[in-house]
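> Coordinates only, no sequence provided:
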């Protein structure tokens with residue numbers, strides 16, 4: 001009987017993996033909606049405790065989410081678009097600066113051979129491409145016309161996400177209760193213990209790390225813009241997004257900001273010191289305030305495991321795999337921790353039952 005149940009479980013896991021493998025091209029909006037519902041469920045629960053019904057709590061959260069999203073769309077997106085276009089314009093000048101200033105300096109300092117890095121072909125290709133695509137709006141419209149079905153699918157997904165999120169949020173507690181009711185009675189306590197640990201890890205990482213990323217993005221972007229860096233908003237937000245892996249946002253952000261600052265300010269010392277100070281302050285706040293307050297020490301996901309999970313998920317399932325990577329990695333980590341504890345308590349580890357030679 002035990003062997004039969006084990007085969008049932010293995011078959012269920014196999015069918016679940018096959019389901020995700022076959023349907024992953026259409027799962028993205030559902031996974032995004034599931035992630036958003038998971039993020040906002042505690043807020044809806046608090047509104048329920050305050051006296052609102054579940055439906056009105058979901059409506060209130062939707063109104064707040066729509067307000068924030070609209071504000072970002074009206075304020076942040078035009079600023080980012082302007083900086084992206086500015087970066088597009090500055091790229092040939094940056095290549096000229098690298099070729100005629102930065103690389104000759106590196107060559108004289110480190111004794112490198114002449115022409116150790118060829119920029120002529122790269123610069124010519126970029127300049128030619130820019131000459132052919134001066135009208136950005138025209139390029140976007142032509143691509144949209146050429147791939148009309150893809151554009152329609154994208155718009156359908158964008159409409160589908162809030163609809164699915166609404167119903168998931170409204171029925172979240174009911175769905176969790178029904179799933180719990182389907183658990184084998186003799187395994188319910190252990191499964192709920194594992195689920196509670198997974199929820200703790202996921203909650204700490206998904207909610208906490210997301211808030212840390214947003215806070216760091218705001219700190220870096222605001223600091224760089226106060227210094228006067230032209231691409232400060234773009235670099236700050238990229239550094240905040242890269243903070244999903246500890247220290248990666250700091251390394252990418254300060255590297256990109258120093259290169260942009262060196263190109264913009266030349267040899268002026270004070271702006272460069274200001275750039276370094278912005279990232280040092282952000283790193284100090286992350287280590288001493290943001291991460292302990294918002295994430296805590298219960299994540300247990302090593303930075304290398306985070307990088308591997310994201311790359312493996314993207315390779316296996318594309319963008320859907322990226323969305324699933326960290327939750328699956330967190331669940332696997334909890335299971336591995338319990339298997340490790342069972343092994344340490346087993347006779348195999350202690351060697352009690354092994355015959356003496």
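Noted; the coordinates are in hand. In this text, all values refer to a predicted model and were calculated from it rather than measured experimentally.

> Residue 324: which element?
Counting by DSSP states H and E, the element that carries residue 324 is helix 319-344.

> Just give me how far that helix sits from the chain centre.
Computed by C-alpha atoms, centre = their mean, to the nearest Å, the chain-centroid distance of helix 319-344 equals 18 Å.

> Next up, the contacts around the one residue sitting closest to the centre of the chain.
The centroid of the chain falls nearest to residue 244 when counting by C-alpha atoms, centre = their mean (5.7 Å). By C-beta atoms under 8 Å, 6 or more residues apart in numbering, the residues touching residue 244 are 209, 213, 306. Using the backbone N, CA and C atoms, a C-beta is placed for each residue, glycine as well.

> Just the ones in helices from the residues you listed, please.
213, 306 (DSSP state H).

> Just give me the neighbour total for residue 27.
Neighbours of residue 27 under the rule other C-beta atoms under 10 Å: 20.

> Helices of the stretch 1-150 of the chain, residue ranges please.
With DSSP state H, counting those that start in this stretch as the definition, the stretch 1-150 of the chain shows helices at residue ranges 2-49, 54-71, 77-97, 103-110, 120-132, 136-146, 148-170.

> average model confidence for the longest one?
The reference is to helix 2-49. Across helix 2-49, the average pLDDT comes to 79.

> can you check the last one too?
Taken as a whole, helix 148-170 carries a mean pLDDT of 78.

> which residues are contacting it?
Applying C-beta under 8 Å, 6+ apart, the external contacts of helix 148-170 come out as 28-30, 32-34, 36-37, 40-41, 44, 54-55, 58, 61-62, 144, 175.

> Next, the angle helix 2-49 makes with that helix.
Counting by axes from the mean of the first three to the mean of the last three C-alpha atoms, to 10 degrees, helix 148-170 points 80 degrees away from the direction of helix 2-49.

> cool, and the shortest one?
Interaxial angle of helix 103-110 relative to helix 2-49 (the same axes, to 10 degrees): 120 degrees.

> Distance from the chain centre to helix 103-110, please.
Using C-alpha atoms, centre = their mean, the offset of helix 103-110 from its chain centre is 37 Å.

> what about the stretch 201-350 of the chain, any weak spots by pLDDT?
Within the stretch 201-350 of the chain, the stretches with pLDDT under 70 are 267, 295-301, 319-320, 323.

> what about the helices in it?
210-227, 232-242, 248-265, 269-285, 303-317, 319-344, 347-350.

> winner for burial among the ones you listed?
Compared across the helices of the stretch 201-350 of the chain, helix 232-242 shows the largest average neighbour count, a mean of 22 (mean count of other C-beta atoms under 10 Å).

> For that helix, which outside residues touch it?
Residues from elsewhere that reach helix 232-242 (C-beta under 8 Å, 6+ apart): 79-80, 83-84, 87, 213-225, 229, 248-250, 252-254, 256-257, 260, 279.

> one step back: mind checking which of the helices of the stretch 1-150 of the chain is nearest residue 184?
Within these, the stretch nearest residue 184 is helix 2-49; the backing value is 8.4 Å (C-beta to C-beta).

> Check which helices and strands that closest one is in contact with.
In this structure, helix 2-49 packs against helix 54-71, helix 148-170, helix 172-181, helix 303-317, helix 319-344, with contacts taken as 3 or more C-beta pairs under 8 Å, 6 or more residues apart in numbering; DSSP states H and E.

> what's the angle from that helix to helix 210-227?
Relative orientation of helix 2-49 versus helix 210-227 (the same axes, to 10 degrees): 50 degrees.

> Run the chain-centre distance for helix 2-49.
Put simply, helix 2-49 sits 19 Å off its chain's centre (C-alpha atoms, centre = their mean).

> picking up where we left off before, can you redo the helices of the stretch 201-350 of the chain as a markdown table with distance to residue 292?
Converted to a markdown table, the helices of the stretch 201-350 of the chain look like this (distance: least, C-beta to C-beta, whole Å):
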| stretch | distance to residue 292 |
| --- | --- |
| helix 210-227 | 10 |
| helix 232-242 | 18 |
| helix 248-265 | 17 |
| helix 269-285 | 11 |
| helix 303-317 | 17 |
| helix 319-344 | 19 |
| helix 347-350 | 34 |
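
> Compare the ones you listed and give me the one nearest residue 202.
Nearest to residue 202, of all the helices of the stretch 201-350 of the chain, is helix 319-344, at 5.2 Å by C-beta to C-beta.

> Which other helices and strands does the closest one contact?
Packing partners of helix 319-344 (3+ C-beta pairs under 8 Å, 6+ apart): helix 2-49, helix 188-202, helix 303-317.
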